[in-house]
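1. Below is the sequence, then the predicted model.
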Protein chains: 2
Amino acid sequence: MKKAIVLLSGGMDSTTVLYIAKAEGYEVYALSFNYGQRHKKELDCARRIADRAGVQEHIIVKTNMNAWGGSALTDDKIDVPDRDESSLDIPITYVPARNMIFLSYAASYAEAVGAQDIFIGVSEVDYSGYVDCRQEFIDAMENAINMGTVCAVEKGKRIKIQAPLVHMKKADEIKLGVSLGVDYGLTWTCYRGEEEACGTCDSCVLRLKAFEEARLRDEVRYKA
Amino acid sequence: MKKAIVLLSGGMDSTTVLYIAKAEGYEVYALSFNYGQRHKKELDCARRIADRAGVQEHIIVKTNMNAWGGSALTDDKIDVPDRDESSLDIPITYVPARNMIFLSYAASYAEAVGAQDIFIGVSEVDYSGYVDCRQEFIDAMENAINMGTVCAVEKGKRIKIQAPLVHMKKADEIKLGVSLGVDYGLTWTCYRGEEEACGTCDSCVLRLKAFEEARLRDEVRYKA
């Protein structure tokens, strides 16, 4: 059975991608990160989702990506702002090089278990403008991985990064996910990571809009 | 003052590179990793070296790169072998994608502090055959970093990975380092990480050979 590493945050995108990988017949090795994010709640979701999906293995790497601060996602001193539709700036929730770090670990894990596919739930549509969510970056990372791993360089077993959502609208993603059996009620999206989702941060707003467009009900509980 | 991230393991290559960066006028932000390596002793060395060199900041990222095992460097169940000159295989001490993970963190740190240079002590000469020590891989990572960081994509502040030792013989490196003020007695190379260096692992053998060629005395203590 062909193996795949799936980067699983516990959010809706990575969960959809996990179900796509399963539908394509992969044996899934899920990989999550406890990196100092304020919405650690997503890790409990990741555990439940991995369990429900029946993955082969689920590893949570613990690291301190917040060592140098600078992001509202990892620095308690910076508040998560509400979504600002008019702003063209990169949101303060951006964590420098986060997907690069995640993909590097995924490459290491892939080489260790003999997987040749890495799945990641990035999208260039309905997104926050993070530069490390673009296909161009994914291509560059795939190239670096194939230059820097023994399996690719010496054994000709190239690693492919699959980003099936990169050009998909979030509403279409939800419809696809539901058809594959995803229970989005298990996923966690809110950046603020409180008991209930805030409904106003960047991440919540994009999610709510997508459910509305898909004409589906979001089972996650939001603050009144 | 221009800033540089220096990947500092506490070994001789990264220490030499730290002194090269200083000699080129950089303000140095040193970055080390506690990743489950058995030779943790190198981290004490890294601290002393960073202190002696007067770096601006020294961060040690803690992570569990040993989560999926498979390397003698991070898995206590696998012994570090003596160097085998006749073998063409990648040594069991290879940690999959290690330099990719290190460089990804360095890119994140660089973006956070506004550095445009990352120094790494990899070499294609007198080395263990690790594929992630080659210039080709470094070039591919530099490209990925410049596709995946806001500073490069949106602000035109590209990041450069400097690998000044990549084509240098280790004996020449030592002579250069000594001329720049490196105290190699502070560095740690042995993979076995015991009280004294073993003198027979891959890493020790390459080091001893280099000191011999450079006609210099190695101040590190070896087992009798």
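-> Arrived safely.
2. where exactly do the strands run in chain A?
-> Here chain A has its strands, by DSSP state E, at A:3-7, A:27-34, A:57-62, A:117-119, A:160-162.
3. Is any residue of the first one near chain B?
-> It refers to strand A:3-7. No. With CB under 8 Å from any CB of the partner chain as the criterion, chain B is not reached by strand A:3-7; the gap is at least 10.0 Å. Glycine gets a C-beta too; all of them are placed from N, C-alpha and C.
4. List the strands paired with that strand, with their directions.
-> Using DSSP bridges, strand A:3-7 pairs in its sheet with strand A:27-34 (parallel), strand A:117-119 (parallel).
5. Regarding chain A, what is its longest helix?
-> The residue-count maximum for a helix in chain A (DSSP state H) belongs to helix A:98-113.
6. can you count the residues close to A:V178?
-> 15 (other CB atoms under 10 Å in any protein chain shown).
7. And A:C133, by the same measure?
-> Count around A:C133 with other CB under 10 Å applied: 23.
8. if I look at it, how far off is A:D13?
-> 10 Å (CB to CB, to the nearest Å).
9. again, but for A:D132
-> A:D132 is 14 Å from A:D13, by CB to CB.
10. got any residues that touch both of the two?
-> A:V122 (CB atoms under 8 Å, 6 or more residues apart in numbering or on different chains).
11. From the structure, what's the count of residues near A:A224?
-> 5.
12. Show the pLDDT at it.
-> The score at A:A224 is 76. That number is its pLDDT.
13. And A:S203, by the same measure?
-> At A:S203, the pLDDT recorded in the model is 88.
14. A:T189 is in contact with that one, correct?
-> Yes. A:S203 is within contact range of A:T189, at 5.0 Å (criterion: CB atoms under 8 Å).
15. Quickly list what's touching both of those two.
-> Contacts common to A:S203 and A:T189, judged by CB under 8 Å, 6+ apart, are A:G11.
16. tell me which strands and helices the longest helix of chain A is in contact with?
-> strand A:3-7, strand A:27-34, strand A:57-62, strand A:117-119, helix A:135-148, helix A:150-155, helix B:98-113, helix B:135-148 (3 or more CB pairs under 8 Å, 6 or more residues apart in numbering or on different chains; DSSP states H and E).
17. And the residue lying farthest from the centre of chain A, how far from B:Y94?
-> Relative to the centre of chain A, the most outlying C-alpha is that of A:E154, 30.0 Å out, by CA atoms, centre = their mean. Separation of A:E154 from B:Y94 (CB to CB): 11 Å.
18. and for those two, which residues touch both?
-> Contacts common to A:E154 and B:Y94, judged by CB under 8 Å, 6+ apart, are absent.
19. lowest average confidence, helix or strand, in chain A?
-> Lowest mean confidence among the helices and strands of chain A (mean pLDDT, DSSP states H and E): helix A:150-155, at a mean of 88.
20. That one near chain B anywhere?
-> Yes. On the criterion CB under 8 Å from any CB, helix A:150-155 is in touch with chain B at A:150, A:153-154.
21. Nearest to B:G185, out of those: which one, please.
-> A:V150 (33.4 Å; CB to CB).
22. Quick check, the closest one in contact with A:A110.
-> No. Contact criterion CB under 8 Å: A:V150 and A:A110 do not qualify, at 11.5 Å.
23. Same drill for these two, tell me which one is more crowded.
-> Remark: of A:V150 and A:A110, A:A110 carries more neighbours, 30 against 18, as counted by other CB under 10 Å.
24. For the more buried one, list the residues it contacts.
-> Contacts of A:A110 (CB under 8 Å, 6+ apart): A:3, A:5, A:116-118, A:149, A:151, A:159.
25. Tell me which two of those sit farthest apart.
-> Longest span within these, CB to CB: A:K3 and A:T149, 14.6 Å.
26. between these two, which one's more packed in?
-> More crowded of A:K3 and A:T149, by other CB under 10 Å: A:T149, with 25 against 17.
27. wait, isn't A:C45 in contact with A:L186?
-> Yes. Under the criterion of CB under 8 Å, A:C45 makes contact with A:L186 at 5.9 Å.
28. So for those two, which sits in the more crowded spot?
-> A side-by-side neighbour count of A:C45 and A:L186, using other CB under 10 Å, places A:C45 first with 23 against 19.
29. what's near enough to touch that one?
-> Contacts of A:C45 (CB under 8 Å, 6+ apart): A:10-11, A:186-188.
30. Repeat the analysis, applying 7 Å as the threshold.
-> A:10, A:186-188 (CB atoms under 7 Å, 6 or more residues apart in numbering or on different chains).
31. what does chain A put close to chain B?
-> A:59, A:61-65, A:67-70, A:90, A:94, A:96-97, A:99-101, A:104-105, A:107-109, A:111-113, A:131-132, A:136-137, A:140-141, A:143-145, A:147-150, A:153-154 (CB under 7 Å from any CB of the partner chain).
32. Now list the buried members of the residues you listed.
-> A:59, A:61, A:63-65, A:67-68, A:70, A:94, A:96-97, A:99-101, A:104-105, A:107-109, A:111-113, A:131-132, A:137, A:140-141, A:143-145, A:147-150, A:153 (16 or more other CB atoms under 10 Å in any protein chain shown).
33. before we move on, back to that, quick one: closest of the helices and strands packed on helix A:98-113 to A:H167.
-> Using CB to CB, these put helix A:135-148 closest to A:H167, at 7.7 Å.
34. Please name every helix or strand in contact with the closest one.
-> Judged by 3 or more CB pairs under 7 Å, 6 or more residues apart in numbering or on different chains; DSSP states H and E, helix A:135-148 is in contact with helix A:98-113, helix A:150-155, strand A:160-162, helix B:98-113, helix B:135-148.
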